[in-house]
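**Student:** My questions are about this predicted structure, shown below with the sequence.
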Amino acid sequence: MAFPPPDGHHVVTPAASVPNASAVLDFVEEAFDGQVVERYEGPDGSVAHAEVMVGDSVVMIGQPMPGDAPMPALLSLYVEDADAVDATYQRALDAGAKSLAAPTDQFYGYRAGTVEDVGGNRWTVCTVVEELTPAEINARMAAMMSDA
């Protein structure tokens, strides 16, 4: 008998295995209004596995097992509009993230800014500001590449 994924889990659910997992969870709660819904600690108090709900999605976070290399994630966080991109990006910086790219309007019709948290996860805060066809995106990309 098969069971559906738990609430907040999708067919593919992102996960990160990073040092400082506890600090990453604190960051996600502060910067993105995340809510930790599950947390399991190892005997040393490290986060073996946690699930944090961000919007309608779960992100699984834990520390690497001994001998395993960290595996940070690349995550896109969609917000409601361009002002929310700027505000959420700033909240992430205020919560301790490092800026990788300030929010700007992108050739593909998004406004996006990217930060890195203490665990090395990269979060792109974005929203669609302009609906474009694939042909329009390709034309803009070609024009951008020819200017480079």
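**Tutor:** Done, it's in.
**Student:** neighbours of the closest residue in space to residue 62 that isn't next to it in sequence, just the number please.
**Tutor:** Leaving aside its sequence neighbours, residue 62 sits nearest to residue 49 (Cβ to Cβ, 6 or more residues apart in numbering; 4.5 Å). Where you see a C-beta, it was placed from the backbone N, CA and C, and this is true even at glycine. Counted by other Cβ atoms under 10 Å, the residues lying close to residue 49 total 16.
**Student:** Please apply the same query to residue 138.
**Tutor:** 12.
**Student:** about what we covered before: please name the residues that touch the residue nearest to residue 62.
**Tutor:** 38-40, 60-62 (Cβ atoms under 8 Å, 6 or more residues apart in numbering).
**Student:** ditto for residue 74
**Tutor:** Shown in contact with residue 74 (Cβ under 8 Å, 6+ apart): 121-122, 124.
**Student:** now swap in residue 23 and tell me
**Tutor:** 118-119.
**Student:** from memory residue 27 sits against residue 116, does it?
**Tutor:** No. If you go by Cβ atoms under 8 Å, residue 27 and residue 116 don't touch, sitting 10.4 Å apart.
**Student:** what about the helices in the chain?
**Tutor:** Shown for the chain, the helices assigned by DSSP state H span residues 21-32, 82-94, 134-147.
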